[in-house]
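# Here is a sequence together with a model predicted from it:
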Amino acid sequence: MALVAGSTAAGLTVRIVGSTGIRLHCADASATMDAVERPAKDIDIVVRHGDRGALRDWLEQRGWVVDRDLLVAMEGERYAFHHPEAGLDLDVFVDKLEFCHTIPLDGRWEHHATTIPIEDLLLQKLQVHDITPSDVLDAAIVLATHDVAPDQGDDEVIDCGYVAALLARDWGFHRDATENLERVRDMAGALADGAQRVQDRAVKLRAAIDDKDKSRGWRMRARVGERMQWWDDVSDREDTY
Amino acid sequence: MSTSTAPRATAPTPGGVFSRSASGLIRVAGSWDVFIFNVGLVSVGIAIAFNQYYGPSLYPGAAPAISTLLAALGMCFAAVTFYFWSTIFPRSGGVYVILSRTTHSSLAFLFSLLETVILLYYGALAASLLVQVGLGSFFATVGSIGGNDTLVGWAGDVTGPRGTFWIGTGVLLLAGLLLATGTRRYFSVQRVVFVVAVVATFVTLLVMLFGSRSSFQSHLTELTGLKYDEVVSTAKDNGFVSSSGIDWGETFKFLVWPLLPLLGAIQSIGIGGEIKKVRTAQLFGMLGAVIATGLLIALFAVLSNKAFGQTFQGAVAFNSLSGIADGSTEGSIGAAPYFTTLAGILANNSFLAVIIMAAFVAWFWFWIPAEIAYTTRSMIAWSFDRLVPSQMGYVSRRFHTPVVAIAIGTAGSIVFMWLIAFHGIALLTLIEALLVIWGTAMALAVVFPWLGKRYFNASPAQAYRFLGLPLMSVTGAVTTVFFAIAFVLLWTDDNAAGALFDKAHRTELWIIVGTLVAGLAWYIGNKLYRRSQGVDIELAFRQIPIE
């Protein structure tokens, strides 16, 4: 929080993503995640493209040391920092979240002051091709704590229209997200409370996704189907040099 | 945050010395990028140009197609061995990574420095070929076909020393600029150029396939004034020896020429850390590049002989190399009788001539940024290991690319451009040194499964065996022998390279000796300087134990 608040005060647009984002965004998430022993592991943030250089300066002034290896390898598309005194690691994404599937953040910065919008936090979990139980749990927590409805101007409600529109443009993303959504439904029972809410909202979200007209690109890619790889390979982050 | 599948593409690193846990990342190069990178570094255009120019003229009776396949066969073993290395050390930095993790850092640095210098020379060589074989032939043939004397005059101008130097330098600067704008953009541009090269090469293949010997003979006379039979008789009068059948000895000797471009097929070892799914991408990229380009180059050799005739190609190139103006194309249209010139004459059509030249310019282009890119990776790896100042790995805050390393690589190539244009360097002599460097990596592969057991057993390479032996050792041994044979062939063949210690190769000798001496002095000085700062540069290498 202090990181985002400080960088925002410096005029930079920075948002927290990932599990930490879910903890901060969802009022009840921390308690629920603590209950199932899911402590936050590292800090992931995303910065607007134009602010990446200034954010690097800002962080370095505060003792963060940039990872030179990633600096060379990712050419400004991604950064990693380490704080030797605090022993913390910080991953910085730029403008979009690029994993198995890409989540663009154009026009999405103003929805929440600290984290990326709730839809993107959910999509970040649903985009994982080989999803882990903890990712499924994170997605379930988002659904347990946020209602699903078409855009009503309420940033605390998951805009199913936005999610459906994004997936209607990308068959591969749609393929993995819908499958993962089913897994979230199946795993909802693991939550101490709110299992029915998760299932109902997952159904509602799936219905919106199914009802959305698909783009021409989506339909063409659907004809190829699973004969061609539909996700991007995400490597473990090892040194490049 | 978990964002990916379970670890699978890379080998676990014992002790975790080089690993960190963090969010996964999307690496830049996919399988096709690696394939294109390697195919580009083979440069089909350079291979065809050399094969058809030097083969029939200097190696009577040699069959360039068979020589190419022999070289490709040897390179298949090299590709598999380098593939194993790249799965064990999936990092960028080329042969430096292999040698620094398996031998002493001083040897790794010296050999890597020499490799860098050599590859920068070949980057410059490609730029010179782009001008002389690509642009020169383009102006000559299109000018002749269209009856445009200005274009024909340009052919002579651009292929002269000044034209070659300035245009070549412009091409090198363009390549450096492209790399400075980012690897992603570089790969995007290469994909487009690859499509152009493949389509234009296919058109060239059709021209060769449907073009007859008789039409070539008549076009030759029409466009250049040369008579097919007279070219041959002129060459014979001046000492050219032709052979009616295949001379297997000459064919074997000639394999060093197609080997030069084919060596490029494994250079994705230089970008190993930037490749997605290194296990499949490197195998597809390296082995696929050797096989695909080997077959394509051999096919062109067969079609060239069909359309132009082996004896004629030998005779006209012999006249060209001997400076017999009235027996070659230089005297009439200002361009040497490289394949591009002959194919343009065969086509006798401005549009087709443009397509043929586009194919070859695209192939020549591939070499240039790729060679510079490879060398920048080595420089960055040295920088990270503190063997050179950290500034060499400096990443521009504006461009987000290692601009210092790119600038050094580009500047080094321009120096070689000057040497090539104004002084001349034997084409393949430096390959002798490259074979020693890469051959060392191949010889180490033979023993690595035992000396580096922990790493080997933790890598995908350990799963491959042949007669109970690690396949890496077997392919490493075969490649070592192959490189040794190629070295001897080069050393004893004055047409290709010759002994490095000959008087004729003083420039090349000084380049190699000078690089090694300067590198050693730098290494020792840097080590002492770092020690005075309390930094032991050996520490980084000791963290990977050889058992």
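Structure's in. What do you need? Residues are numbered from 1 along each chain as shown, chains lettered A, B, ... in the order given.
# Can you name the helix or strand that the nearest residue to residue B:36 once chain neighbours are set aside falls in?
Distances taken as C-beta to C-beta, 6 or more residues apart in numbering or on different chains place residue B:194 nearest to residue B:36, at 4.8 Å, with adjacent residues excluded. C-beta here means a position set from N, CA and C on the backbone, and glycine is covered the same way. Under the criterion of DSSP states H and E, residue B:194 resides in helix B:183-210.
# ok, then the element right after that helix?
Sequence-wise, the next helix or strand downstream of helix B:183-210 (DSSP H and E) is helix B:213-224.
# what's the residue nearest the centre of chain A in contact with, if anything?
Nearest to the mean C-alpha position of chain A, by C-alpha atoms, centre = their mean, lies residue A:124 at 2.9 Å. With contact set as C-beta atoms under 8 Å, 6 or more residues apart in numbering or on different chains, residue A:124 has these partners: A:17, A:18, A:21, A:97, A:99, A:103, A:116, B:3.
# what does the stretch 401-547 of chain B put close to chain A?
Residues of the stretch 401-547 of chain B lying close to chain A (C-beta under 8 Å from any C-beta of the partner chain) are B:401, B:402.
# Do a quick rundown of the strands in the stretch 401-547 of chain B.
Secondary structure of the stretch 401-547 of chain B (DSSP state E, counting those that start in this stretch): strands at B:465-466, B:469-470.
# what is the mean pLDDT for the first one?
Same thing as strand B:465-466. Strand B:465-466 shows a mean pLDDT of 94.
# How about stretch A:17-25?
Summarised as a single mean, pLDDT over stretch A:17-25 is 84.
# gap between it and the chain center?
Centre-to-centre, stretch A:17-25 and its host chain are 9 Å apart (C-alpha atoms, centre = their mean, to the nearest Å).
# for chain A, what are the low-confidence residue spans?
Counting by pLDDT under 70, the low-confidence segments of chain A come to A:1, A:27-41, A:192, A:237-241.
# out of the strands of the stretch 401-547 of chain B, deepest packed?
Highest mean neighbour count of those: strand B:469-470, a mean of 17 (counted as mean count of other C-beta atoms under 10 Å in any protein chain shown).
# how many other residues sit next to residue A:96?
16 (other C-beta atoms under 10 Å in any protein chain shown).
# dump the residue contacts of it.
Counted by C-beta under 8 Å, 6+ apart, residue A:96 has contacts A:46, A:102, A:103, A:104, A:105.
# picking that back up, so which helix or strand takes in the residue nearest to the centre of chain A?
Assigned by DSSP H and E, residue A:124 falls within helix A:118-126.
# For the helix or strand containing residue B:109, which residues meet the burial criterion?
Using DSSP H and E, residue B:109 sits in helix B:105-129. Buried positions in helix B:105-129, judged by neighbour count with 16 or more other C-beta atoms under 10 Å in any protein chain shown: B:105-106, B:108-129.
# Let's check: the centremost residue of chain B is which one?
Central residue of chain B (C-alpha atoms, centre = their mean): residue B:264, at 3.9 Å.
# hang on, isn't that one packed against residue B:44?
No - here residue B:264 does not reach residue B:44: they are 10.4 Å apart, not a contact under C-beta atoms under 8 Å.
# Neighbours of residue A:207, how many?
Residues lying near residue A:207 (other C-beta under 10 Å) number 13.
# tell me the SS of it?
When classified by DSSP: H, G, I helix; E, B strand; the rest coil, residue A:207 comes out as helix.
# any idea how far it is from chain B?
27 Å (C-beta to the nearest C-beta, to the nearest Å).
# Report the contact partners of that residue.
Contacts of residue A:207 by C-beta under 8 Å, 6+ apart: none found.
# likewise residue B:123?
Residues near residue B:123 by C-beta under 8 Å, 6+ apart: B:172, B:175, B:367, B:368, B:371, B:372, B:375, B:409, B:413, B:416.
# Give me the number of neighbouring residues for residue 81.
Since no chain was named, I'll use chain A. For residue A:81, the neighbour count with other C-beta under 10 Å is 22.
# Let me rephrase: I mean chain B.
30.
# close to chain A, is the helix or strand harbouring it?
Using DSSP H and E, residue B:81 sits in helix B:64-88. No - judged by C-beta under 8 Å from any C-beta, helix B:64-88 and chain A are separated, with a smallest distance of 12.7 Å.
# Beyond that helix, next helix or strand please.
Beyond helix B:64-88 on the C-terminal side, the first helix or strand identified by DSSP H and E is helix B:95-102.
# elements contacting that following helix?
With contacts taken as 3 or more C-beta pairs under 8 Å, 6 or more residues apart in numbering or on different chains; DSSP states H and E, helix B:95-102 sits against helix B:105-129, helix B:350-384, helix B:429-451.
# Quick one: residues in contact with it.
For helix B:95-102, the external contacting residues (C-beta under 8 Å, 6+ apart) are A:241, B:85, B:89, B:91, B:107-109, B:111-112, B:115, B:269, B:272, B:378, B:381-382, B:385, B:437-438, B:440-441, B:444, B:448, B:451-452, B:455, B:541, B:544, B:546.
# how about the CA coordinates for it, as CSV?
C-alpha atoms of helix B:95-102 as CSV (Å, rounded to 0.1, in the frame of the first residue of the first chain):
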residue,chain,number,x,y,z
VAL,B,95,30.1,-20.6,-26.3
TYR,B,96,31.3,-18.4,-23.4
VAL,B,97,28.5,-19.9,-21.2
ILE,B,98,29.7,-23.5,-22.0
LEU,B,99,33.4,-22.9,-21.6
SER,B,100,33.1,-20.6,-18.5
ARG,B,101,31.0,-23.3,-16.7
THR,B,102,33.3,-26.2,-17.6
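# Could you tell me the angle between that helix and helix B:429-451?
40 degrees (axes from the mean of the first three to the mean of the last three C-alpha atoms, to 10 degrees).
# Lowest-confidence entry in the contacts of residue B:123?
Out of the contacts of residue B:123, that is residue B:367, at 88.
# dump the residue contacts of that one.
B:40, B:41, B:43, B:46, B:122, B:123, B:125, B:126, B:264.
# how close does it sit to residue A:83?
44 Å (C-beta to C-beta, to the nearest Å).
# now do residue B:88
Counting by C-beta to C-beta, the gap from residue B:88 to residue A:83 is 32 Å.
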